[in-house]
Each structure stands twice: as structure tokens, then as C-alpha cells.
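Asker: following is a predicted model, sequence given first.
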Amino acid sequence: MSSERIVIAIDGPSGSGKSSTAKGVARALGLAYLDTGAMYRAVTCAYLDAGVDPSDQAGVIRETLAADLQISTDPDLEQVVVNGVEVTTRIREPEVSAKVSAVSTVAECRANLVARQRAIIEGAANGIVAEGRDITTVVAPDADVRLLLTADPEIRMARRKAELGDKVDASQLADQVLRRDADDSTLVNFTTAADGVTHLDCTYLNLDETIAAVLDLVASVRG
Ligand SMILES: Nc1ncnc2c1ncn2[C@@H]1O[C@H](COP(=O)(O)OP(=O)(O)OP(=O)(O)O)[C@@H](O)[C@H]1O
Ligand SMILES: Nc1ccn([C@H]2C[C@H](O)[C@@H](COP(=O)(O)O)O2)c(=O)n1
């Protein structure tokens, strides 16, 4: 592996494989890993625990700005703590998935989380793979490698169903994938690749093939 610091930015819709791919790439290259969606989810736990309703925008903003948030950037250690409470497992629960858009659709909340994400990326000494919805365009538009990872909606729903099994019924699954994408795309574009962003469609690729394709792209950029 080259010792040059590298920042790799990956965006894409829900269930396209960003987290799994980003973690695999980070492990292969010995880089840190940042799951920015986990930060939106953790702040959702914080506002819910403060008794704030998702419709109370001022309350959601207040709790977002006040949240004491710690997130692991080790691709082999998933750990998220907000306001001293470990929420690593809870952030994946259907309730959080259903209520996270109250954070992601508010400009003040996004600005606060973007600033935190930039600080984490800048602090990653050896480099980092960061994934989300606006990493290639807003958080790290100067990243060395910028990738939009997509897959057809039916495939994304099937992959999510395989992962969650009986934890979700058909309507919760559609809410988690299709409704969330529609709401989340009000302030950011993660369906078409911005200038300089490489588009990788992994509908017909398995996870290993997707990771290999990203590693090939990194190698071509590093020369
Ligand atoms: N290329 C792939 N082929 C097959 N399955 C995949 C592929 N990439 C990811 N998966 C599986 O699809 C599911 C969703 O992947 P992942 O959680 O990485 O997506 P995501 O884009 O990070 O989703 P979200 O934005 O909702 O967090 C996981 O169960 C994962 O193992
Ligand atoms: N950079 C980001 C990351 C995430 N979000 C929003 C969109 C999702 O609804 C939510 C959780 O993300 P996920 O864990 O599903 O990747 O957070 C965003 O708006 N921008």
C-alpha cells in the first residue's frame, strides 16, 4: 500500500452498499472509515430521548447542535455514543430509520453535521473512506476519489430484506428504502454523479466485486 494520505468519498441511495463497500475498501487499504449516516441516526436518538417530536423542527435543531457525538472510525469496530449513551445497535432500528429524515431534511442540522464530518476527515492521519449522501459534493468535494454507488431499487430492497428479515414488514421496507430516499433527496443529490464523480452501478455485482472495482479506481487515481 502507498503511504500517501488519501480521502475516498462514496455517496449513494439507501441500501446501495455504501457502508459494506466503504468498510471493505478501508480494511484493504488500512484507512479509517466514516459512516456519516450513523451520525444522522445518532442525533435522531438524541432528539427522541429528549422527548422532541420529529415535527418540532426547532427542537430537532436544538438537540442536533447540542449533541455530544462520538463515532468510531475503525472499520472493524462499530461504535456510536451520543450524550454518553451507546446507540450502536439502536441506530439501525426501524424507528430510527423512520424518523431520521427529520434531521437530514433540515439545513441547520446538515450544516452542523457536515462541520463535524469535515473535522473527522481532516483528523484521519492516514486517510479515510467516508460515505453518505453528500460526501462527494458538500463534505469532501476535493476528495482524491469520488464515487457514486447505485443499484436498482428492487435489488436494494431485496438486499435490505435479506439483512433485516422479519424485523421489517413490506411497508417498513419500502419506507426505509424508497420513502427515505425521496425525503432525503430534497436538500442533496445522490442519484446522479456530479462533475468528476465516478458512477458505479453494483446491481449485478456482488460485494467482493464492488470492493474490487473501487480498489481498481483508487489504483488508477494513485497511478
Ligand atoms: N454489491 C453487493 N452485492 C450484494 N449485496 C450487497 C452488496 N453491497 C451491499 N450488499 C448488502 O446489501 C445490504 C445493504 O448494504 P449497506 O448497508 O452497505 O448499504 P448502504 O448503502 O450503506 O445503506 P444505508 O444507506 O441504508 O445505510 C447489506 O446487507 C449488504 O451486505
Ligand atoms: N451524508 C449523509 C448521510 C446520511 N444522510 C441521511 C439519509 C438517511 O436517511 C440517514 C441515515 O443514513 P444511512 O445510515 O441510511 O446511510 O441519514 C444524509 O442526509 N447525508
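Answerer: Done, it's in. Ligands and ions are numbered 1, 2, ... in the order given.
Asker: helix or strand for Arg41, which one?
Answerer: For Arg41, the element it lies in under DSSP states H and E is helix 36-49.
Asker: could I get the buried residue list for the helix or strand following that helix?
Answerer: As assigned by DSSP H and E, the chain's next helix or strand after helix 36-49 is helix 57-66. Neighbour-count burial for helix 57-66 flags 59-61, 63-64 (criterion: 16 or more other Cβ atoms under 10 Å). No exception for glycine: its C-beta is placed from N, CA and C like everyone else's.
Asker: from the residues you listed, which single one is nearest ligand 2?
Answerer: Using Cβ to the nearest ligand atom, Thr64 comes nearest to ligand 2 of those, at 11.9 Å.
Asker: any idea how far the nearest residue to the closest one once chain neighbours are set aside lies from Met39?
Answerer: Excluding its sequence neighbours, the residue lying closest to Thr64 (Cβ to Cβ, 6 or more residues apart in numbering) is Cys109, at 4.3 Å. As defined by Cβ to Cβ, to the nearest Å, Cys109 lies at a distance of 10 Å from Met39.
Asker: repeat for Asp142
Answerer: Relative to Met39, and taking Cβ to Cβ, Asp142 is found at 20 Å.
Asker: same question, Asp169
Answerer: From Asp169 across to Met39, the span is 27 Å (Cβ to Cβ).
Asker: more crowded one of those two?
Answerer: Legend: neighbour count by other Cβ atoms under 10 Å for Asp169 and Met39, higher for Met39 (25 against 10).
Asker: look up how far ligand 2 lies from the more buried one.
Answerer: Noted for Met39: a distance of 7 Å to ligand 2, by Cβ to the nearest ligand atom, to the nearest Å.
Asker: does stretch 31-40 reach ligand 1?
Answerer: Yes - residues of stretch 31-40 contacting ligand 1 under Cβ under 6 Å from any ligand atom: Gly37.
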